[in-house]
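In: all I have is the shape, not the residue letters:
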Ligand code: G
Ligand code: MN
């Protein structure tokens, strides 16, 4: 029934072998999630973010991974829908925010430079808790300034309750936290809300970056990225290009005026211990 509804409604869906497999896989993940946090199977991987004006790594995005004992390392794409329905503690913004601040504090102290950690928050976290109180308390506990945190939200998260999301995000921005709009251009992308939303950066989705270097789509993607950069600049918002995998993509987004980049070319998501050297090096030569 749900499958038929998802397909637009007013139609018939016959339940087959594949549906049974999909459902039993979901049921298994849901059951395994119950013990995953107690067993400390959740981990944060960090992917470096490079400032194109200074050539320095200024921070990293924290990405959730589930180290499943039988299925191996799972990314949110494999389990996020199940996780959002469950009460697994690690998935909550609370755990993410505290860990991000502790990690940022550690990097800042070791390297004596400002270093930001970005976290991806769900609609539930933004709407159902006192985000500003949580952020203030977690920053203090980690002995670090709230500005060490960047909160990434998708357009869909914002649009699910625009008023609640913009209120919560305005409050944390007053503390010094920055806000990034993730996967920009793939969700609702209403230009009207962009002017009203309290954001500091937009993250240009990796699909646009990939299209920049594909023959059939490069002209269209070029125009899209150029327009996103121009619009952001006019609104005082910075741009981060995601999913940079090649030198050609790096050169193009730099030429188009993006402020920062993230992607496999700069660095893959890695465990905290393996990202430490990034904080010390300058990327003046990448794409030069
Ligand atoms: O939704 P968001 O853009 O935050 O998704 C980040 C995901 O994209 C992560 O799971 C990460 O592993 C993946 N990712 C990061 N850099 C690259 C890249 O250069 N290319 C591709 N294809 N995926 C990437
Ligand atoms: Mn993100």
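Out: Received it, and whenever you're ready, just let me know what you need. These numbers were taken from a predicted model, which means no experiment stands behind them. Ligands and ions are numbered 1, 2, ... in the order given.

In: CA atoms for contacts and neighbours, from now on please.
Out: OK.

In: report the central residue of the protein.
Out: Nearest residue to the geometric centre of the chain (Cα atoms, centre = their mean): residue 120, 4.4 Å.

In: in the sheet, who's paired with that residue?
Out: residue 152 (DSSP bridges).

In: mind listing what it touches?
Out: Counting by Cα atoms under 8 Å, 6 or more residues apart in numbering, residue 120 touches 62-63, 151-153.

In: equivalent analysis for residue 179, please.
Out: 150-153, 169, 173, 198-201.

In: at 6 Å instead, please
Out: 150-152, 199-200 (Cα atoms under 6 Å, 6 or more residues apart in numbering).

In: now, which of these sits nearest ligand 1?
Out: Among the contacts of residue 179, residue 152 lies closest to ligand 1 (Cα to the nearest ligand atom), at 7.8 Å.

In: so the residue in the stretch 101-250 of the chain that ligand 1 sits nearest to: helix, strand or coil?
Out: Nearest to ligand 1 in the stretch 101-250 of the chain, going by Cα to the nearest ligand atom, is residue 243, at a distance of 3.3 Å. When classified by DSSP: H, G, I helix; E, B strand; the rest coil, residue 243 comes out as coil.

In: got the residues of this protein near ligand 1?
Out: 183, 243-245, 263-264 (Cα under 6 Å from any ligand atom).

In: returning to that earlier point: most neighbours, which of the contacts of residue 179?
Out: residue 150 (26 neighbours; other Cα atoms under 10 Å).

In: that one and residue 114, how far apart?
Out: 13 Å (Cα to Cα, to the nearest Å).

In: scan the protein for its longest strand.
Out: strand 56-68 (DSSP state E).

In: what's in contact with that one?
Out: Here strand 56-68 has contacts from 41-50, 73-75, 115-119, 282-283, using Cα under 6 Å, 6+ apart.

In: recalculate using a threshold of 7 Å.
Out: 41-51, 73-76, 115-119, 278-279, 282-283 (Cα atoms under 7 Å, 6 or more residues apart in numbering).

In: mark which of the residues you listed are buried, thanks.
Out: If you count burial by 16 or more other Cα atoms under 10 Å, the buried members of the contacts of strand 56-68 come out as 41-51, 115-119, 278-279, 283.

In: quick revisit: report the buried members of the residues of the chain next to ligand 1.
Out: By 16+ other Cα under 10 Å, the residues of the chain next to ligand 1 give 183, 243-245, 263 as buried.

In: quick check: the farthest pair among the residues you listed?
Out: 183 and 245 (16.3 Å; Cα to Cα).

In: so the residue nearest to residue 219 when sequence neighbours are not counted versus residue 238, what's the distance?
Out: For residue 219, ignoring the flanking residues on the chain, the nearest one in space by Cα to Cα, 6 or more residues apart in numbering is residue 212 at 7.4 Å. As judged by Cα to Cα, residue 212 and residue 238 stand 20 Å apart.

In: check residue 172 too.
Out: Taking Cα to Cα, one finds residue 172 at 18 Å from residue 238.

In: same deal with residue 194?
Out: Distance from residue 194 to residue 238, by Cα to Cα: 13 Å.

In: who's more crowded, these two?
Out: Applying other Cα under 10 Å to residue 194 and residue 238 shows that residue 238 carries more neighbours, namely 20 against 17.

In: wait, what's in contact with that one?
Out: Counting by Cα under 7 Å, 6+ apart, residue 238 has contacts 200-202, 232, 259.
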